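Novice: Below are the sequence and a predicted model; questions follow.
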Amino acid sequence: AQSVTQLGSHVSVSEGALVLLRCNYSSSVPPYLFWYVQYPNQGLQLLLKYTSAATLVKGINGFEAEFKKSETSFHLTKPSAHMSDAAEYFCAVSEETSYDKVIFGPGTSLSVIP
Amino acid sequence: NAGVMQNPRHLVRRRGQEARLRCSPMKGHSHVYWYRQLPEEGLKFMVYLQKENIIDESGMPKERFSAEFPKEGPSILRIQQVVRGDSAAYFCASSQTQGTGELFFGEGSRLTVL
């Protein structure tokens, strides 16, 4: 079964600084990889999705993620953090046997310091 | 608003009572998923349903929990004889097409067991 790990349960960055949130998946290449964002007291919203068409995936709100098979990683980045980026970020994968069964990582809480 | 609708948003129950959580998927979506989010933890898959069928319930506790998605009406997650450990946020998600892994989430139902 697929699984994901996210290094760092809490990340703080200054406004305008680079955002880097780390995600590693289990050894077999999953069909799909995702990043979701959750704002306080809200549901999750899809940021971006990897489908093997391209290793660098661009998402909403200026975020992007790069798939690196050699490192089994799918880290999320944004060049310049905004205050509105403060939220919980979840990396997720879909199961090979059931693409619609999405497995989520534990999440990383991003704080943006003015 | 054509988003995923969950109700109630907040539910308080005493130990031993029953909790019923409802989810209406996005218009045109026939796949429904339930996830549980415990404090400081990520989302844990519980069950995947299509109309009148349970496709995957591998994440559902064997006792006290049940889910349905009838031909008419919302999907319902039912928890019988609740215990304090059931206190969590329960999220419903829906998808339109099987195999894409793209989920649209509701805002969640927060269950508190006293």
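Specialist: In hand now; what should we look at?

Novice: Okay, now the unreliable bits of chain A?
Specialist: A:27, A:96-99 (pLDDT under 70).

Novice: Could you measure from B:Phe91 over to A:Ala87?
Specialist: 15 Å (Cβ to Cβ, to the nearest Å). (C-beta placed from N, C-alpha, C; glycine too.)

Novice: neighbour-wise, which of the two wins?
Specialist: B:Phe91 (25 against 22; other Cβ atoms under 10 Å in any protein chain shown).

Novice: Partner strands of whichever strand or helix holds that one and their direction?
Specialist: Secondary structure assigned from DSSP states H and E places B:Phe91 in strand B:88-95. In the sheet, strand B:88-95 lines up against strand B:31-37 (antiparallel), strand B:104-105 (antiparallel), strand B:109-113 (antiparallel) (DSSP bridges).

Novice: Mean pLDDT and mean neighbour count for those - can I get that in a markdown table?
Specialist: Compiled in a markdown table, the strands paired with strand B:88-95 are given as follows (pLDDT from 0 to 100; neighbours: other Cβ atoms under 10 Å in any protein chain shown):
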| stretch | mean pLDDT | mean neighbour count |
| --- | --- | --- |
| strand B:31-37 | 94 | 24 |
| strand B:104-105 | 92 | 21 |
| strand B:109-113 | 96 | 19 |
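
Novice: Next, count neighbours for B:Arg15.
Specialist: Neighbours of B:Arg15 using other Cβ under 10 Å come to 11.

Novice: And the closest residue to B:Leu111 other than its chain neighbours, its phi and psi?
Specialist: Computed as Cβ to Cβ, 6 or more residues apart in numbering or on different chains, the closest residue to B:Leu111 that is not its neighbour in sequence is B:Leu11, at 5.0 Å. B:Leu11 adopts backbone torsions of phi -140, psi 130, taken as degrees, to the nearest 10.

Novice: Surely B:Leu11 and B:Ala19 touch.
Specialist: Yes - B:Leu11 is within contact range of B:Ala19, at 5.8 Å (criterion: Cβ atoms under 8 Å).

Novice: Which residue does chain B have closest to chain A?
Specialist: B:Phe105 (3.4 Å; Cβ to the nearest Cβ).

Novice: Contacts only, for B:Ala2.
Specialist: Contacts of B:Ala2 were listed using Cβ atoms under 8 Å, 6 or more residues apart in numbering or on different chains, and they are B:Met26, B:Lys27.

Novice: State the number of residues packed around the residue nearest to B:Leu111.
Specialist: So B:Leu11, with other Cβ under 10 Å, has 18 neighbours.

Novice: residues touching it, list them.
Specialist: Contacts of B:Leu11 (Cβ under 8 Å, 6+ apart): B:Ala19, B:Leu21, B:Ser109, B:Arg110, B:Leu111, B:Thr112.

Novice: wait, is the second one part of a helix?
Specialist: No - under the criterion used here (DSSP: H, G, I helix; E, B strand; the rest coil), B:Leu21 is strand, not part of a helix.

Novice: Go ahead and confirm it touches B:Ala89.
Specialist: No - here B:Leu21 lies out of contact with B:Ala89, judged by Cβ under 8 Å, at a distance of 10.3 Å.

Novice: okay, and the common contacts of the two?
Specialist: Joint contacts of B:Leu21 and B:Ala89 (Cβ under 8 Å, 6+ apart) are B:Ser109, B:Leu111.

Novice: how close does the residue nearest the centre of chain B sit to A:Cys23?
Specialist: Nearest to the geometric centre of chain B sits B:Trp34, at 3.6 Å (Cα atoms, centre = their mean). Per Cβ to Cβ, B:Trp34 is found 23 Å from A:Cys23.

Novice: Nice, that's everything, thank you.
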